[in-house]
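Student: How does the following fold in three dimensions:
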Amino acid sequence: MKRLQTILAFVFAAILIIAGINHFIRPNVYGPFIPDWMPLVLTNVFTGIVEIGLGISLLAQKYRRQAAMGIFILMILFLPLHLIDVFKDHPAIGSKTLAIIRLPLQFLLIYWAWYIFRSENRKP
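Tutor: Residues are numbered from 1 along each chain as shown. Presented below is the predicted three-dimensional model:
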């Protein structure tokens, strides 16, 4: 079971690191998700740095529990943006169908982070 938990942590770390790097490679992808009242470039850069940092921290057993909680919080903070996207005439993700599919995926990511956090809390 511990091996599965480690694999899940490493896969999530890879997803976050790749997503974080993508904030710098393709910032225009994330712009439509950022609310107008937030500074576009600063928010995008900050989010990319946070995702990369949390992903790297998730790789280290010593910091995994704290990183998982940080990811849990980050995914909850992203949830309203994805919820709003579902109700837009032209969703940032590209289509209504993708926006609707993306919403339950966000809940999966929230649960995944919580699972890693809880798993690291238990003694082997």
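Student: What separation do you get for Tyr111 and Met75?
Tutor: 9 Å (C-beta to C-beta, to the nearest Å). For every residue, glycine as well, the C-beta is placed using N, CA and C.
Student: The two: which is more packed in?
Tutor: Counted by other C-beta atoms under 10 Å, Tyr111 and Met75 do not tie: Met75 has more neighbours, with 19 against 12.
Student: quick one: average pLDDT of the helix or strand containing the more buried one?
Tutor: Taking DSSP states H and E as the definition, one finds Met75 inside helix 61-86. Summarised as a single mean, pLDDT over helix 61-86 is 95.
Student: That one packs against which elements?
Tutor: helix 2-25, helix 40-59, helix 96-121 (3 or more C-beta pairs under 8 Å, 6 or more residues apart in numbering; DSSP states H and E).
Student: which of these is buried the deepest?
Tutor: Counting by mean count of other C-beta atoms under 10 Å, helix 40-59 has the highest mean neighbour count of the helices and strands packed on helix 61-86, with a mean of 17.
Student: Just the C-alpha atoms of that one, please, in PDB.
Tutor: The C-alpha coordinates for helix 40-59 follow below in PDB (Å, rounded to 0.1, in the frame of the first residue of the first chain):
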ATOM      1  CA  LEU A  40      -2.900  38.700 -15.200                       C
ATOM      2  CA  VAL A  41       0.900  38.200 -15.600                       C
ATOM      3  CA  LEU A  42       1.700  38.300 -11.800                       C
ATOM      4  CA  THR A  43      -1.100  35.800 -11.100                       C
ATOM      5  CA  ASN A  44       0.000  33.500 -13.900                       C
ATOM      6  CA  VAL A  45       3.700  33.600 -12.800                       C
ATOM      7  CA  PHE A  46       2.900  33.200  -9.100                       C
ATOM      8  CA  THR A  47       0.600  30.200  -9.800                       C
ATOM      9  CA  GLY A  48       3.200  28.600 -11.900                       C
ATOM     10  CA  ILE A  49       5.900  29.000  -9.200                       C
ATOM     11  CA  VAL A  50       3.500  27.700  -6.500                       C
ATOM     12  CA  GLU A  51       2.600  24.600  -8.600                       C
ATOM     13  CA  ILE A  52       6.200  23.800  -9.400                       C
ATOM     14  CA  GLY A  53       7.200  24.300  -5.700                       C
ATOM     15  CA  LEU A  54       4.400  22.100  -4.400                       C
ATOM     16  CA  GLY A  55       5.100  19.500  -7.000                       C
ATOM     17  CA  ILE A  56       8.800  19.300  -6.100                       C
ATOM     18  CA  SER A  57       7.900  19.300  -2.400                       C
ATOM     19  CA  LEU A  58       5.600  16.400  -3.000                       C
ATOM     20  CA  LEU A  59       8.600  14.400  -4.200                       C
END
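Student: Sounds good, over and out.
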